[in-house]
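A.B. asks: structure for the following, please:
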Amino acid sequence: MSSHGAARIRRAFRAVVACALLTGSLNQAFADGTVTGHGRFERIKGHPSAGYAELYECNLFLSPYSSPPIGPSCRLGAPPGVPPTHDGYYITTVPAGTYSILVNQPLFFVRPKVRPNVIVQNNQTTTADVELAIDYSTYFRDNNQWTWPDTYWYQTYTATGTSVTGVVFVVADSDSTGAEVAILRDNGNPDVRYWQLVGSRSMSNPGAITDNWVRWRSGEIPTVPGTRYAVRIGVTGGDNKLQPFKRNHDANSYGPSKGRAYNSAGQPQDFDLNYIVFADNDGTRVTMNKRTGGVGNLQDGNFRDRWGHTFTAGGTGLAGVDVWAAGAEHKWDIDFTWTIRENGPTGRPIGPVKTTQAAYQAFGVGLHGASYNPGEVPLVAGRTYFIEFAAFNPPPESPGFNPYVMDYDSYGGGMPYRYEGNNVWTAMPGIDLSMTIVEYTTPITQPVISVDPTAFTHSVIRLDPIPDDTFTIKNIGAGTLNYTVTEYSPWLSVSPTSGSSTGELDTITISYDSAQLPIGTNVATISINDPNATNHPQTVTVTVNVAQQPAQIVCSTTAVSSQSNAGTTAPRSTFTVANGGDGSMSYAVTDDQPWMWVTPESGVSSGEADVINVNYSTASLAPGTYAGTIRVASSQAVNSPQFVAVTLKVYPAADFDQDEDADLSDFGFFQACFNGPNRSYAVPECHLADFDNDADVDLNDFGFFQACFNGPNRPVTAACLQ
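C.D. replies: Take a look at the predicted model:
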C-alpha cells in the first residue's frame, strides 16, 4: 500500500519490527493496561461486510494527557516479539489513563486520523480500531478487473464531509508522464462531464498496479454533505489514456444508488472505480501537510535541540501533529517534548506538555508525532499558534536533530522558528517544515479551563520567606466556568478557592508557609476543577527546592567578665555555642591569655547549645584590669570565626567590697570574719580575709589589713599592693 515514489523506501524498512513499548524498570512499574486494535478503512464505503483495507506500516502515536509517561509509537502490522502480521494490527502496554491516538504515514496516500478518548484501565485490554475518514472507496483489484483505455474516467459519489483532502487511484497499465485529478460538483446537468469544477491537482509519473495519489489541505476542495460530486482523472503522455481497476455492481457495491463510473463520453457504467476519496467527515480538518511525495529535504546549519512552527487555526482544538526529523550518527529514536503556545515561540503555553517516542523510517530518519483529546488544546479560528518540539534526554551521539523541510510545496499560514539557546529564536520565513497539523472542528459547547502559568519553581534556604505567586483562570470555551481550586499541601494555600468565568480573567494567589517546608524537593499540585469543562481538571505544579541552612556559629554572648581580689581565684564565666543552621557543626574554642583557659576546647552541635566554661588563674595577678579574647571557629560555618571578649578585674586584697579603697566597709567584713588563730572560717567567703593563707583569720591577717586601710575614696597604699 504505497505511493509510487515511496515504494523503494518502503522496501527498506518493511522487515523492521518497529513497534516501541515503554521499557525500563520505571516504566514497567507504571505499565498496567493494554491497548490493541487495527488501523484500517472500509474497502467499500458504507459496507463494512466487504472488509477493510489494513494500514500496514503506517505509524501510530499513543499520547497520554501529559508526560510522564512517555507516549509510545507503533509501526502497524509489526507487533513486538512476534513475526510481522503485515496488516494494520498493533498492541502496546501503557499506564492506565485517557489517551488519544494519531495514525499517519505522510509517505503513503493515507489521511491522518486521530482517535480521541481511548480509556486504558488497570489489568484490562482496550480495543481501539483507528478507521480513516473517507467519502468514497472501492479499494479492490482482487480479480484483476479493469476498464478499457480511455482519456478520462469519472466516479460519482455523495459527499459526507466538508472538504476533500486526498484521492487515490489504481490503474492497470500506464505509460503516461502525468495525471490530473479533479473534483466536480453536481450542478444539475445530466452530463457528468459538465459538472462544476471545484478544484484539481496534478501528479507526475503515475505507476501501474500501485497506489497513485494527490493530496489537499482542508478547505482547498470544499464540499457540502449530501451533495453529489465526481472524481475525474485524466493522464498526459504516452497514449493519453488510463485503465483504472474496477468492481462490478452487486449487493455490496457503493453504486449504483449513491454513485457510479462514467467514461470519457459521459456514459454511465455498471461498476465502480478503484478510487478512494478522503474527506473531513470525522470532526477534524488537515490544516497543514506536505502535499507532495517524500519526506522533504535537509538543510545544513539547522541541527538544534528545539524547533517550532506557527500555524493559523481553522478549527476549535488541536488534534494531532507530526514532523520528520533526522538525528546525528543515524539516531532516529529521539523522544520529543511538545508544547503548544499562543502567537509564537515566546507565547503563553496552552494545554498539556507531552513527550512521545519517534517512529522509525530509515537511515536515521524518524517521524515524530503527538495527539490530543478534544478540549486539551483549545484554539480560536483565525488566530496564530506555535507548536514547539524539543529533544527529550537525547543520546550523547545526537544532542539534537535536523527537521526536514518541504520540497515542491509550502505552507502560507505560518513559518518555522529555530532555537538558538538562551530563549532566542530565529524566524525562518524562507522554508516550511515537513509536518502535519490536524485540528478538531466540532464546535465547543462547554466551558474550557485556561490556566496561566501552569508551573512555579522556587529555590530557597530553609525557613526563608517565599513571596506570593499568582496565576489566572479563564473560560475560553462556552457558557460559564464554575470552578473550584483545591490543594492538599500543608505548606501552601490558595485564595480564592472558587469562582466563575464567562471569559474574564480571575486571579488566584498562592501563599507559602516556609516553616512547613522540609529540606529537599517539595512538589504540590493545585487542581482547577469543573466537571462540566471539556478539559477538567487542569493543574498548576508548584516546586520548592529547599536547601539546608548553612552551619552558623551562634554564641550566646559576645562578652564575659569576672573579678576577684588579689591572691584569690576569680569565679569562672560561661557562654554557649550552638549551630544556627542545619546539620552538624564541629567547632574549636581557643583563648589568648595565660591567666584563663576554656573547657571544653572543642565540640559538635546539631542545634543544641553547648556550655563553654571560661576558667581563670588569678592568684598571682596584681590588682588591675585584664583583657583577653576567646575565638570560636568552624570550617563548616559561614560566619567563622566568632569572638567573645573577656574582661577580668583584680581588686586589692583588702578591698572586699571592690570599690577601689580599703575603708570601714571593708573593716566591717574583716571584723565579721575575725575569729582568732586555728579556728575555721565563720563563712566560706572569709577566705578573702585570710591574707597569710593559714586557714584562719587572726592578728597576722589584721596586720596586713591595717597596712591597707586608708579610708574611703582613697587608693590603697603601695604596701597593700605587694
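A.B. asks: wouldn't residue 241 be in contact with residue 153 here?
C.D. replies: No - between residue 241 and residue 153 there is no contact under CB atoms under 8 Å: 9.5 Å. C-beta coordinates here come from the backbone N, C-alpha and C atoms, glycine included.
A.B. asks: mind checking which of those two has more residues around it?
C.D. replies: residue 153 (27 against 20; other CB atoms under 10 Å).
A.B. asks: thinking again about what came up before, what's the overlap in contacts for residue 241 and residue 153?
C.D. replies: Taking CB atoms under 8 Å, 6 or more residues apart in numbering as the contact rule, residue 241 and residue 153 have no neighbour in common.
A.B. asks: residue 390 and residue 417, how far apart?
C.D. replies: As defined by CB to CB, to the nearest Å, residue 390 lies at a distance of 12 Å from residue 417.
A.B. asks: repeat that for residue 401.
C.D. replies: Relative to residue 417, residue 401 is positioned 15 Å away (CB to CB).
A.B. asks: so the two - more neighbours on which side?
C.D. replies: Between residue 401 and residue 417, residue 401 has the larger neighbour count (other CB under 10 Å), namely 30 against 22.
A.B. asks: quick one: contacts for residue 56?
C.D. replies: Residues in contact with residue 56, defined by CB under 8 Å, 6+ apart, are 1, 76, 77, 86, 87, 88.
A.B. asks: quick one: secondary structure of it?
C.D. replies: Look at residue 56: counting by DSSP: H, G, I helix; E, B strand; the rest coil, its state is coil.
A.B. asks: count the neighbours of the nearest residue to it once chain neighbours are set aside for me.
C.D. replies: Spatial nearest neighbour of residue 56, excluding adjacent residues (CB to CB, 6 or more residues apart in numbering): residue 77 at 4.0 Å. For residue 77, the count of nearby residues is 22 (other CB under 10 Å).
A.B. asks: ok, residue 77 - contacts?
C.D. replies: Here residue 77 is in contact with 54, 55, 56, 57, 84, 85, 86, 87, 88, 89, 90 (CB under 8 Å, 6+ apart).
A.B. asks: Three-state assignment for it, please.
C.D. replies: With three-state DSSP as the basis, residue 77 sits in coil.
A.B. asks: phi and psi next, for it.
C.D. replies: Note on residue 77: backbone dihedrals following degrees, to the nearest 10 are phi 80, psi 10.
A.B. asks: same check, this time on residue 175
C.D. replies: The phi/psi pair for residue 175 (degrees, to the nearest 10) reads phi -120, psi 20.
A.B. asks: cool, residue 194 as well?
C.D. replies: The phi/psi pair for residue 194 (degrees, to the nearest 10) is phi -110, psi 20.
A.B. asks: could you chop this protein up by domain?
C.D. replies: The chain breaks down by automatic domain parsing into domains covering 4-134, 142-274, 285-440, 449-547, 553-651, 664-721.
A.B. asks: coming back round to it: hmm, which two among the contacts of residue 77 are most spread apart?
C.D. replies: 55 and 84 (13.6 Å; CB to CB).
A.B. asks: neighbour count for these two, which is higher?
C.D. replies: residue 55 (28 against 19).
A.B. asks: residue 305 contacts residue 402, correct?
C.D. replies: No - using CB under 8 Å, residue 305 makes no contact with residue 402, being 10.8 Å away.
A.B. asks: low-confidence regions, the protein specifically.
C.D. replies: Low-confidence segments of the chain (pLDDT under 70): 1-31, 80, 717-719, 721-722.
A.B. asks: can you tell me the SS state at residue 515?
C.D. replies: Applying three-state DSSP: residue 515 is helix.
A.B. asks: swap in residue 361?
C.D. replies: strand.
A.B. asks: next: residue 688.
C.D. replies: Under three-state DSSP, residue 688 falls in the helix class.
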